[in-house]
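A.B. asks: after the sequence you'll find the predicted model.
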Amino acid sequence: MTNILIIEDEPQIRDIIQEILECEGYRTLEAENGLTGLQIAQQSSPDLIVCDVMMPELDGFDVLAGIRQDPGIGNIPMIFLTAKTDRASVRKGMNLGADDYITKPFTHLELLSAIDARLKKQALMAQHYTQTIQGLEAGLNALTYYDHLTQLPNRRLLQEQFQHIQAEAQTAKTLDSLILMGIDRFEWIRSTLGSPASDQLILAIAQKLSAHRYMGNYAMAMIARIGADQFAIVPRNIKHHQDLHQFAQQLLDILAEPFLVDDQELCVATSLGMACYPQESCTIETLISNAEIAMYQSKEQTGPSYNFYLPTMRSHRSQELTMAAQLRQALAQEEFQTYYQPHIDLHTGQIMGAEALVRWHHPEWGMLSPSLFIPIAEETDLILALGEWVLRAACQQAKQWQAQCSRPLQILVNLSPRQLNHPALIDILRQLLAEVDLDPSCLTLELTESTLVQDPSLALKIMHQLKAEGIQLSIDDFGTGYSSLSYLQQFPLDTLKIDRCFIHDIDSQPANAAITAAIIQMGHGLGLRVIGEGVETFAEKDFLFQHKCDGIQGYLVSPPISAQELLLYLQVQESL
């Protein structure tokens, strides 16, 4: 049922309007003044508002201004009732965003006609908005689940279909496995022939694999591209290990045939790694890891070859356990350092904030990237202690920058799923910000899509608590997870960061360009600030500027740098 809010200080007129609308089947809400009306609108989100102009507390213009400034109710149609018909009053209302005017006295037909017209227009706009979101989500899902170059399934789709594939294998009682195929010396091929030619090679390999999906008694249940030069293949109808040997050899024979690249034939060597399930693994990630270990074992041999995964190959697992133990010591011995990658306002060029990135200065192995130790930390409670350390270091640094510069700087810190779900998160942040004496609005916590969808209800509750503390929230690497813009509407976000996979080569990738432009437009429609990540070229920057992206982050602006280097950057900007 359509809900209509009536804001009118004269009881007789309010009652008449209520009676007219309820006779037509509308559900009504009533307010006797502007302040009460604005509060009811914020609480109930009616479908339409009929509002008098001249009222106590807040007049109609103030009510309209308050509604249009609230992202949650800013799109509600509003019809003014007024005895003031001078042009200045009408123009003021239209400038504030009034949808229609009805002059007192009015007939019930005038009122119903105006309401019907506004509701129909709102319904058409909502339909268009929904269709746009659905189209955008379809495009995002295509990029999320399929490789843009080969159109083959990607790693995420392989992960999500693994259980289904495994169930089929168990039902058929066949010996199924995952085969990982890599191109030998691919980096040398790419540096020698260039990226366009290497892309042609990858595409030719994908097409040849797809053309030989059925090979005699064997078949490929899935072919996925999961890395720059890596393809994952799930074979079918494999009953014995000997069948798998034959399948692998047939695959190598097919790939040994020349490929046509830039009108010339090119021969490449490929290496295969194979891992069986469920004997050797029960999760797809472990299966891929096992097959990858076997593949690299094959690469150490001369010419095209294949290897089965053996547990003895996983000696590096002991190194991970060693690293986990050393992580605990590193926290106590203060071996971690924070670096900062700034992002700038695209329209002013000014630094608006900086993302805090942790590095491990290992006493033996040197400076370690977070990709080497964060996954290990996330498997244990170490991520909680490390995450709190990064938060404290970043907030302290932000406070120091504020003391040394004339303007505040937004500090952005990634929050892991374990941190978000930790019961003491709010208390930790409240105490930390108080100790550092940092305004909560200067802190932005970055969350990934996968973090939000693990438990949406809990995530929503915690995010509202964070917002109540004054902390800003950002969705990071948007597009790499579920990529549902309509889903994001329920979360109280401030910023959306477009993942670099959509930004890379945006000037030569029409699909990426279309998706990125749509994300910017829809992000702004949701009231979010939009930042492009991984910007490395002026062409990428120019595209984002032309499409009104708010800011950019990436090596074109600056790589991750020390706090002192960023301070110099800020001081140079202030001196200009």
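C.D. replies: Perfect, thanks for sending it.
A.B. asks: longest helix in this structure, by residue count?
C.D. replies: When the chain is parsed with DSSP state H, its longest helix is helix 108-145.
A.B. asks: what about it, average pLDDT?
C.D. replies: Mean pLDDT, helix 108-145: 86.
A.B. asks: going forward, count from 150.
C.D. replies: Got it, first residue is 150 now, which makes that one helix 257-294.
A.B. asks: which is the next helix or strand following it?
C.D. replies: helix 304-321 (DSSP states H and E).
A.B. asks: returning to that earlier point: and the longest helix of the chain, what's buried?
C.D. replies: 260, 263-264, 267-268, 271, 282, 285-286, 288-289, 292-294 (16 or more other Cβ atoms under 10 Å). Where C-beta positions appear, they are placed from N, C-alpha and C, glycine not excepted.
A.B. asks: where in the stretch 250-399 of the chain is pLDDT low?
C.D. replies: For the stretch 250-399 of the chain, the stretches with pLDDT under 70 are 318-324.
A.B. asks: do the same with the chain
C.D. replies: Using pLDDT under 70, the chain drops low at 318-324, 427-431, 464-470, 528, 602-603, 628-636, 725.
A.B. asks: pop the domain breakdown of it in here.
C.D. replies: Domains of the chain are assigned by automatic domain parsing as 152-277, 304-457, 472-724.
A.B. asks: returning to what we had before: next, the angle helix 304-321 makes with the longest helix of the chain.
C.D. replies: 70 degrees (axes from the mean of the first three to the mean of the last three Cα atoms, to 10 degrees).
A.B. asks: in terms of secondary structure, what does helix 257-294 contact?
C.D. replies: Judged by 3 or more Cβ pairs under 8 Å, 6 or more residues apart in numbering; DSSP states H and E, helix 257-294 is in contact with helix 160-172, strand 197-201, strand 227-231, strand 249-252, helix 304-321, helix 634-637, helix 659-674.
A.B. asks: how far does the last one sit from the chain's center?
C.D. replies: Yep, that's helix 659-674 we're talking about. Relative to its chain's centre, helix 659-674 lies at 13 Å (Cα atoms, centre = their mean, to the nearest Å).
A.B. asks: now the strands for the stretch 450-599 of the chain?
C.D. replies: 454-457, 485-494, 500-511, 515-517, 559-563, 592-597 (DSSP state E, counting those that start in this stretch).
A.B. asks: now the ones you listed as JSON lines including mean neighbour count and distance to Asp402?
C.D. replies: Formatted as JSON lines, those follow (neighbours: other Cβ atoms under 10 Å; distance: least, Cβ to Cβ, whole Å):
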{"stretch": "strand 454-457", "mean neighbour count": "22", "distance to Asp402": "12"}
{"stretch": "strand 485-494", "mean neighbour count": "20", "distance to Asp402": "47"}
{"stretch": "strand 500-511", "mean neighbour count": "21", "distance to Asp402": "45"}
{"stretch": "strand 515-517", "mean neighbour count": "12", "distance to Asp402": "42"}
{"stretch": "strand 559-563", "mean neighbour count": "24", "distance to Asp402": "46"}
{"stretch": "strand 592-597", "mean neighbour count": "22", "distance to Asp402": "42"}
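A.B. asks: for His653, which of those is the nearest?
C.D. replies: strand 485-494 (16.7 Å; Cβ to Cβ).
A.B. asks: got the angle for that closest one vs strand 500-511?
C.D. replies: Using the same axes, to 10 degrees: strand 485-494 against strand 500-511 is 160 degrees.
A.B. asks: angle of strand 485-494 against strand 559-563?
C.D. replies: Using the same axes, to 10 degrees: strand 485-494 against strand 559-563 is 120 degrees.
A.B. asks: next one: strand 485-494 to chain centre, how far?
C.D. replies: Worked out by Cα atoms, centre = their mean, strand 485-494 lies 19 Å from the chain centre.
A.B. asks: need the contact partners of it.
C.D. replies: 479, 499-510, 535, 538-539, 542-543, 546, 561, 680, 699-702, 706-712, 715, 718 (Cβ atoms under 8 Å, 6 or more residues apart in numbering).
A.B. asks: what of stretch 503-510?
C.D. replies: Counting by Cβ under 8 Å, 6+ apart, 476, 479, 484-492, 516-519, 521-523, 535, 539, 542-543, 546, 558-563, 595, 702, 709, 715 sit against stretch 503-510.
A.B. asks: tell me where the stretch 400-549 of the chain has helices.
C.D. replies: 433-448, 465-481, 519-527, 531-553 (DSSP state H, counting those that start in this stretch).
A.B. asks: just put those in a markdown table and tack on distance to Arg339 and mean neighbour count.
C.D. replies: Output for the helices of the stretch 400-549 of the chain, formatted as a markdown table (distance: least, Cβ to Cβ, whole Å; neighbours: other Cβ atoms under 10 Å):
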| stretch | distance to Arg339 | mean neighbour count |
| --- | --- | --- |
| helix 433-448 | 16 | 20 |
| helix 465-481 | 26 | 13 |
| helix 519-527 | 21 | 16 |
| helix 531-553 | 35 | 19 |
